[in-house]
Each structure stands twice: as C-alpha cells, then as structure tokens.
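1. okay, here's the prediction I keep looking at, along with the sequence it came from:
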Amino acid sequence: MKQKLQFTGYQKFVIALLAILQFTIILDFMVLSPLGPFLMDDMNMSPESFGHVVSAYAFAAFVSAVATAGFADKFDRKKLLLFFYTGFILGTLFCALSTSTEALFAARIITGLFGGVIGSIGYAIITDLFAFEQRGRVMGFVQMAFAASQILGLPIGLFLANKVNWHLPFLVIVGFSILTFLLIMWKLKPITGHIEANKGNNAFKHFGAILKNKRYLRAFTATTLLATGGFMLMPFGTEFATKNLGIDKVDLPTLYMITGVFSMIFGPLIGRLSDHIGKLKTFIFGSVLTITFVAIYTSLGVTPLWIVILLNVVLFAGITGRMVSATALISAVPSAKDRGAFMSMNSAVQQLSGGISSSIAGLIVIKYADETLGHYPLLGGVVIATMVIAVFLMGRVDRMLKKDTTETESVIHENLEKSELKPALVD
C-alpha cells in the first residue's frame, strides 16, 4: 500500500483559501438558478430568455478562457488570480444593480469574462503545489465550496430575496468576495515556478501547441460532456421543484441546506476514496448513481418534501463523486510548463459545453398554462445520454495516463539496466 502523503501547514492554508475562493465563484453562478422565479416574475422572463441569461456567463467564460490560454503560464499565478477576481467582483456588482433583462444579460457576460477563468487558475495552483496522490483529497475539500454554497449561500440568498429583493444576494457576494480578495493579496505566496520554462515562448505558438497536442485533445473531449448535466438541469431546478414537485418557496432553503450539509460530508470522503481505489472507479460509481437518480427525479410529479430531500442528497453524492474524481484525474494530463494554458482551455471547453447545454435546455423545457414545466423527463434523458458517453471518454483518459506511466517506468528500468551494465563492461 502506498504511504499517504501528508499536507504541510501552508498547503492546508492554500486548500482553505481555494475553497473560499471557489465558494464565491460557485455561489455567484448557482444563486441565479434559485432566484429564477423572482427574476422571471420581476422582469417577465420566459424560460428561453432565462436560459440565455444563465448561458451568457458560460459563453463569456469560454471566450475569456481561450484568450487567456496562450499567456496563462507567463505570469505569477497569484497576480493573474487577483486581476481576474477584481473583474469578477465588478461584474457581480453590476448584476446586483441590474433592473432589466438586457442589463442583467450584459452583467452576466462581464462576470463570466472574469469569473470563468478563476477556476482554471485555482486548479493550476493545485497541480503546481500538490502531488497527484494528494489531489483527490484536495479536490474533495475544494468541492466542499459547492456544498457550502448550498448550506449557507443559497438559503441565505433565498431568504434575502424573499424578505427584501433578488438584488441583495448579489451585493452580499460582492462584500464577501472583497474580503477574500484581501486575504489572497495578503497571505498567498507568489507561484512562479512555471515561468522560467515558458520564457521566450510566443503566446500564440503556445496556444497552438496546446490545441495540437493529442493528449490534451482527449482530455478536452472528456471535459466537453462532464458539465453538461449540471448546466442542463440547474437553470430550471428551482422552478421544477416549486411548480412540478409542489415544494413551497419557503421550504427551498431547507431543501438546499440539508442537501448541502450531506454534500460537505461527501466531498472529503469521496476525495479520499478516489486517492485510495482510483479516480476512474470513483467516477464510474458516481456516474451510475447520478444516472439512476436523474431518471427518477426528472419523472416525478407532486412529491412530499422529505422524499425530494432524500433524492437530492443521493443525487448530489453522485454528482460530487463525478466532479472530484474527474477533476483530479484530468489534472495529471498536462506537463508542468503547460498547466495554466491547459487548465484555461479545459475551462473554456467546459464553459462552452455548459453554455450550449443551458441554451438547449431552454429550448427543450416548456411552460404550460398552469405554470408547470413540460418535457423535463426528456431533458433528463438527454442528460443521462451525455453521462454515459462521458464514462467512456474518461476511461480513455485513464488508459492514456496509465500507458504514459508504464512507458516512463520502462524507460527508467532500461536506463537503470544500462547503468548497471556499464561497470561490468569497464572491468
């Protein structure tokens, strides 16, 4: 059995900092979905228009990630992070100040242009500072940000929207993000080890080399379908719960909070599991669980709250298993000098896929005269199909990495044999 690598004190701080950072980014994106009913009523939006508002962030993030890829490895990751986080904070502020569909659409574009790159910078930092054998646990802890947004962010956001208006949750995110910005500026050390390897490299040539690399293209192909399910189901999740499942708006914070508590527990446990039994096995298990419960959940009619909570808890356990293991597995694909560029392009592919998925979901889902959503089981079927394909694609990535490891070990063994034979020849 491999000895488990322990985290240093600074590594523990970095994990906590990245989790807090991800919390603000994820919350900004996720809060739009539960606020959907408020926005649709206040701005008289159709499901299609709301789908476009959600996808605006993803499309903008795609453009930004592609533009960043060429020079992502030429700068200190700390400075790059602070630059994009500043733009994210301003974009979120504009969301809070929006008073029309057009203004909110523009604000989401600004937020996406900056916020969409931050996750890839964070993953590049993880890959720089943590060994592959540690990354499952790291991703598990960082994934807790997703759960924390369920426990703290979404219930509080819904409470504020119910008591005041939908603008206030965005203002709270801005305030918390400013504090996080100051913490990054004060405590995070510069990360510059990758710069020397890219000194003199042309940004456009670097970008082209990333796109031509067959190893990277396989990973990007797998990533394409990885986030499809979330982007398809998330925009209409709250609307489906209130209109189709019969959940009262005042019970939504309870639903999100209980689901989030269990997700926070699942994250680190699944991270440890993926380091212990393997990333691909964990991904397959999470996918099977998610597929099963997506099929059940999207076919429901009016359902008691406790059953909806139970189904959500299991569903998010599967989703967490997929995301933690897949992110850890894909982090092993790029070489050290390409990590920033690879993560940017990987984020770009994910965001583009998500943006297209949100738009497709807006076209599939319809609203009936009684305000219930139609074609939701069809949407679930599309999501399931993408997850099945993703399992096969992640399997290809895993086999590629194992082949690389085998070839590397073969070369080391061959060199070792030559070095052992050399003294005998001299004698």
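-> Everything's here; your move.
2. low-confidence bits of this structure, can you list those?
-> 1-5, 47, 150-154, 194, 196-203, 229-230, 404-427 (pLDDT under 70).
3. any idea which element E371 lies in?
-> Under DSSP states H and E, no helix or strand contains E371.
4. next, count neighbours for the nearest residue to it once chain neighbours are set aside.
-> Spatial nearest neighbour of E371, excluding adjacent residues (Cβ to Cβ, 6 or more residues apart in numbering): K243 at 5.3 Å. From N, CA and C alone the C-beta is placed, and that goes for glycine too. Using other Cβ atoms under 10 Å, K243 is surrounded by 17 other residues.
5. quick one: K243 from V365, how far?
-> Between K243 and V365 the computed distance is 11 Å (Cβ to Cβ, to the nearest Å).
6. between those two, what contacts are shared?
-> Common contact partners of K243 and V365 (Cβ atoms under 8 Å, 6 or more residues apart in numbering): L373.
7. now do the helices in the stretch 151-300 of the chain.
-> 154-163, 167-187, 203-212, 214-226, 228-233, 237-243, 252-277, 279-297 (DSSP state H, counting those that start in this stretch).
8. what's the answer for the stretch 301-427 of the chain, then?
-> Using DSSP H, counting those that start in this stretch, the helices of the stretch 301-427 of the chain run over 305-330, 339-364, 376-426.
9. of all the ones you listed, which one comes closest to L82?
-> Comparing those against L82 with Cβ to Cβ, the closest turns out to be helix 339-364 (14.8 Å).
10. now for that closest one, which elements pack on it?
-> Secondary-structure packing of helix 339-364 (3 or more Cβ pairs under 8 Å, 6 or more residues apart in numbering; DSSP states H and E): helix 47-69, helix 101-129, helix 203-212, helix 214-226, helix 228-233, helix 376-426.
11. check the offset of that helix from the chain's centre.
-> 10 Å (Cα atoms, centre = their mean, to the nearest Å).
12. ok, and for that helix, which residues are buried?
-> For helix 339-364, the neighbour count (16 or more other Cβ atoms under 10 Å) marks 339-362, 364 as buried.
13. now it against helix 47-69, angle please.
-> 170 degrees (axes from the mean of the first three to the mean of the last three Cα atoms, to 10 degrees).
14. so what touches stretch 140-151?
-> Here stretch 140-151 has contacts from 15-16, 18-23, 26-27, 30-31, 122, 126, 256-257, 259-264, 266-272, 274, 316, 320, 323-324, using Cβ under 8 Å, 6+ apart.
15. if any of those are buried, put those into a ChimeraX selection.
-> To isolate the buried ones among the contacts of stretch 140-151 in ChimeraX, judged by 16+ other Cβ under 10 Å, type:
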select :15,18,19,20,21,22,23,26,27,30,31,122,126,256,257,259,260,262,263,264,266,267,268,270,271,272,274,316,320,323,324
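16. distance of S98 from F181?
-> With distances taken as Cβ to Cβ, S98 is found 22 Å from F181.
17. how about P253?
-> For P253 relative to F181 (Cβ to Cβ), the value is 27 Å.
18. please name the residues that touch the residue nearest to D248 when sequence neighbours are not counted.
-> Nearest non-adjacent residue to D248, counting by Cβ to Cβ, 6+ apart: T242, 7.4 Å away. The contact partners of T242, by Cβ under 8 Å, 6+ apart, come to P37, D248, K249, L252.
19. biggest separation within these, which pair?
-> Comparing all pairs in the contacts of T242 by Cβ to Cβ, the longest separation belongs to P37 and D248, at 11.7 Å.
20. quick one: which of those two has more around it?
-> Ranked by neighbour count (other Cβ under 10 Å), P37 and D248 place P37 first, with 21 against 10.
21. neighbours of the closest residue to L393 other than its chain neighbours, how many?
-> Leaving aside its sequence neighbours, L393 sits nearest to A222 (Cβ to Cβ, 6+ apart; 3.8 Å). Residues lying near A222 (other Cβ under 10 Å) number 26.
22. what of G91?
-> G91: 24 neighbours (other Cβ under 10 Å).
23. distance check, it against I307.
-> From G91 to I307 the distance is 38 Å (Cβ to Cβ).
24. enumerate every residue touching P155.
-> L252, P253, T254, Y256, M257.
25. so what's the residue count around the nearest residue to it once chain neighbours are set aside?
-> Residue nearest to P155 in three dimensions, not counting chain neighbours: P253, with 3.4 Å by Cβ to Cβ, 6+ apart. By the measure other Cβ under 10 Å, the count of residues near P253 is 19.
26. from memory P253 sits against A161, does it?
-> No. Here P253 does not reach A161: they are 10.3 Å apart, not a contact under Cβ atoms under 8 Å.
27. hmm, back to that, got JSON lines for the helices of the stretch 151-300 of the chain, with distance to I109 too?
-> Formatted as JSON lines, those follow (distance: least, Cβ to Cβ, whole Å):
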{"stretch": "helix 154-163", "distance to I109": "21"}
{"stretch": "helix 167-187", "distance to I109": "15"}
{"stretch": "helix 203-212", "distance to I109": "22"}
{"stretch": "helix 214-226", "distance to I109": "22"}
{"stretch": "helix 228-233", "distance to I109": "16"}
{"stretch": "helix 237-243", "distance to I109": "23"}
{"stretch": "helix 252-277", "distance to I109": "27"}
{"stretch": "helix 279-297", "distance to I109": "30"}
